[in-house]
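> Predicted model and sequence below, questions to follow.
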Amino acid sequence: MSHHLLSACQAAQQLAQRTLRAEDLVRDCLARIDAREAEVQAWNHVARDAALARARALDQGAHQGLLHGLPIGVKDLIATADMPTTYGSPIYAGHQPANDASCVALARASGAVVLGKTVTTEFATFQPNQTRNPHNTAHTPGGSSSGSAAAVADGMVPLALGTQTAGSLTRPAAYCGIVAFKPSFGGINRAGAKPLSDTLDTVGTLARSVPDAALFAAALSGRHDWLVRPMGEHLARPLRVGLCHTYEWPQALSETQDAMQQAAARIQASGAMTLHEVRLPVDYELLVQAQTHIQLAEQAQCLAYERLQHFERLSPRLQGIMQSGVAVTAAQYDQAQALVARCRAQLADVFKDVDVLLAPSAAGAAPVGLDNTGDPVFCRIWTVLHTPTVNIPAGHAPNGMPVGLQVVGPVGGDAFTLAAAHALHQLK
């Protein structure tokens with residue numbers, strides 16, 4: 001029997017009960033990688049021998065924590081002391097950090113087995129590397145957490161780490177048909193992840209179910225209240241869901257429009273939830289532009305060394321991004337941050353009559369082609385507002401490619417948002 005498609009929660013329970021060996025689970029994941037990696041190309045480095053040795057040690061020792069024996073993938077933007085960390089750039093080919101990133105160290109301390117490093121786009125920007133969508137390898141998996149999303153979706157690993165500065169968790173999860181959890185800003189420590197934006201970068205988790213993503217995040221954050229509990233333990237009344245098309249709705253393709261309509265119908269028919277239309281404040285109309293200015297400016301600063309010392313080794317696309325960032329004036333940056341501050345102050349009004357929002361994750365399903373990773377336009381506002389978000393699979397486009405929607409909660413309401421997302425994902 002193969003164990004690679006067990007949910008993380010199922011595997012964790014069996015590992016804790018010693019009815020499943022970590023070594024067997026790791027071997028099954030490695031076998032899946034062997035069978036599919038040539039097509040999907042999700043991995044930059046697979047630590048086969050180290051992972052098996054770690055699994056055997058865990059099988060022989062005491063239970064380590066929530067992630068005991070669970071294989072994980074680590075986005076190659078995140079430092080690992082025992083594996084190369086290239087940030088998706090030839091500038092750092094063979095680069096070996098001296099230490100693990102905080103999230104990696106915490107995952108290991110909780111019993112995780114690091115299978116290897118998953119492919120990231122170049123410095124987690126918009127220049128793709130080699131990964132393909134496992135549902136159809138002619139389509140992009142999204143980015144920048146391309147390899148992490150593809151590896152989880154293809155059953156190579158139950159859990160993976162990613163990061164988001166605009167839409168780098170949500171969009172690839174939507175394109176690959178899996179779950180992504182972006183916590184409230186700072187919910188998972190980001191020390192050791194290559195910085196792109198001091199005010200936007202967020203470490204998050206990718207999995208095949210909401211409880212799995214929550215399990216991983218709970219272990220990394222120390223917030224065990226993030227473990228998914230039934231909605232009845234949070235609320236004594238129906239869940240109030242706000243249908244939020246956002247100001248970017250004109251860019252939604254027919255498959256996203258259909259997914260929103262179908263989700264609305266399921267909510268209304270559920271009897272356990274109520275549906276409310278939410279229109280965002282007028283200030284939010286300019287929020288995508290503000291987030292873009294902030295990200296461009298901060299990327300040019302965070303990647304100053306690479307920009308100034310190795311400009312010719314950046315892809316032409318990233319060279320253009322760097323030049324656009326340098327061109328953002330201090331006045332434009334300050335104006336953007338001022339708008340963001342006003343919008344964050346209005347979040348309480350946005351959630352006044354609803355518990356969570358349901359919004360598009362992307363314009364549509366994964367585009368054909370591997371030369372771009374799609375547009376994060378539907379993710380930018382929630383990243384800059386620092387809200388927790390959970391992408392949930394929400395159907396398929398006519399060509400069979402997955403479509404996702406995101407559940408958005410108030411800042412700090414991560415535990416509730418995860419529970420609500422799980423409830424919404426379970427609706428039939």
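Alright, I've got the coordinates. Residues are numbered from 1 along each chain as shown.
> Gly162: helix or strand, and which one exactly?
strand 159-164 (DSSP states H and E).
> number of nearby residues for the closest residue to His63 other than its chain neighbours?
Setting aside the residues directly before and after it, His63 is nearest to Ala16 in space (CB to CB, 6 or more residues apart in numbering), at 5.9 Å. Any C-beta I mention is one placed from the backbone N, CA and C, and that applies to glycine too. Counted with other CB atoms under 10 Å, the neighbours of Ala16 add up to 15.
> doesn't His68 make contact with Ala16?
Yes: counting by CB atoms under 8 Å, Ala16 does reach His68; the two are 6.4 Å apart.
> was I right about Gly147 contacting Thr118?
Yes: using CB under 8 Å, Gly147 is in contact with Thr118, at 3.1 Å.
> Start from the N-terminal end of the stretch 51-200 of the chain and give the helices.
Ranges of helices in the stretch 51-200 of the chain, per DSSP state H, counting those that start in this stretch, are 102-109, 146-153, 170-176.
> Compare the ones you listed and give me the one nearest Met83.
Nearest to Met83, of all the helices of the stretch 51-200 of the chain, is helix 102-109, at 9.5 Å by CB to CB.
> Buried ones in the closest one, by neighbour count?
The neighbour-count check on helix 102-109 (16 or more other CB atoms under 10 Å) flags 102-108 as buried.
> Quick check: Pro410 vs Lys352, distance?
According to CB to CB, to the nearest Å, Pro410 and Lys352 sit 10 Å apart.
> and those two? which has more neighbours close in?
Neighbour totals were compared for Pro410 and Lys352, and Pro410 leads with 20 against 9 (other CB under 10 Å).
> C-terminal to the longest helix along the chain, what's the next element?
The longest helix of the chain (DSSP state H) is helix 22-40. Per DSSP H and E, the first helix or strand lying C-terminal to helix 22-40 is strand 43-46.
> And that next one, what does it pack against?
Judged by 3 or more CB pairs under 8 Å, 6 or more residues apart in numbering; DSSP states H and E, the packing partners of strand 43-46 are helix 22-40, strand 113-118, helix 146-153.
> and the angle for the longest one with strand 113-118?
Which is helix 22-40. Angle of helix 22-40 versus strand 113-118, following axes from the mean of the first three to the mean of the last three CA atoms, to 10 degrees, is 10 degrees.
> tell me what helix 22-40 is packed against?
Using 3+ CB pairs under 8 Å, 6+ apart: helix 22-40 touches helix 8-17, strand 43-46, helix 48-60, strand 71-75, strand 113-118, helix 146-153.
> For Tyr92, find the nearest of the helices of the stretch 51-200 of the chain.
Evaluated over the helices of the stretch 51-200 of the chain, closeness to Tyr92 peaks at helix 146-153, with 15.8 Å, by CB to CB.
> For that closest one, what does the pLDDT average out to?
In this model, helix 146-153 has an average pLDDT of 98.
> helices and strands around it, which ones?
helix 22-40, strand 43-46, strand 71-75, strand 113-118, strand 159-164, helix 170-176, strand 202-207.
> Now find how far off-centre the helix or strand following the last one is within its chain.
In this case it means strand 202-207. Next in sequence after strand 202-207, counting helices and strands by DSSP H and E, comes helix 210-221. Distance, stretch centre to chain centre, for helix 210-221: 12 Å (CA atoms, centre = their mean, to the nearest Å).
> What are the contacting residues of helix 210-221?
With contact meaning CB atoms under 8 Å, 6 or more residues apart in numbering, helix 210-221 is reached by 7-9, 12, 65-67, 72, 103, 106-107, 110, 112, 158-159, 179-181, 183, 187-189, 203-207, 223-228, 390, 392, 414, 418, 421-422, 425.
> Only the buried subset of these, as a PyMOL command please.
Paste this into PyMOL to select the buried members of the contacts of helix 210-221, with burial taken from 16+ other CB under 10 Å:
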select buried, resi 7+8+9+12+65+66+67+72+103+106+107+110+112+158+159+179+180+181+183+187+188+189+203+204+205+206+207+223+226+227+228+390+392+414+418+421+422+425
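> how long is stretch 307-321 from one end to the other?
10 Å (CA to CA, to the nearest Å).
> Now do the residue nearest to Pro402 when sequence neighbours are not counted, the pLDDT please.
Closest residue in space to Pro402, ignoring its immediate chain neighbours: Gly177 at 3.1 Å, by CB to CB, 6+ apart. On pLDDT, Gly177 comes in at 98.
> ok, back up a step: make CSV from the buried residues of helix 102-109 and add pLDDT and distance to Phe216 to it.
CSV is the format used below for the buried residues of helix 102-109 (pLDDT from 0 to 100; distance: CB to CB, whole Å):
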residue, pLDDT, distance to Phe216
Ser102, 98, 14
Cys103, 98, 10
Val104, 99, 12
Ala105, 98, 14
Leu106, 98, 11
Ala107, 99, 8
Arg108, 98, 13
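> Pro90: which of the residues you listed is nearest?
Closest to Pro90, out of all of the buried residues of helix 102-109 and judged by CB to CB, is Val104, at 23.1 Å.
> Many thanks, have a good one.
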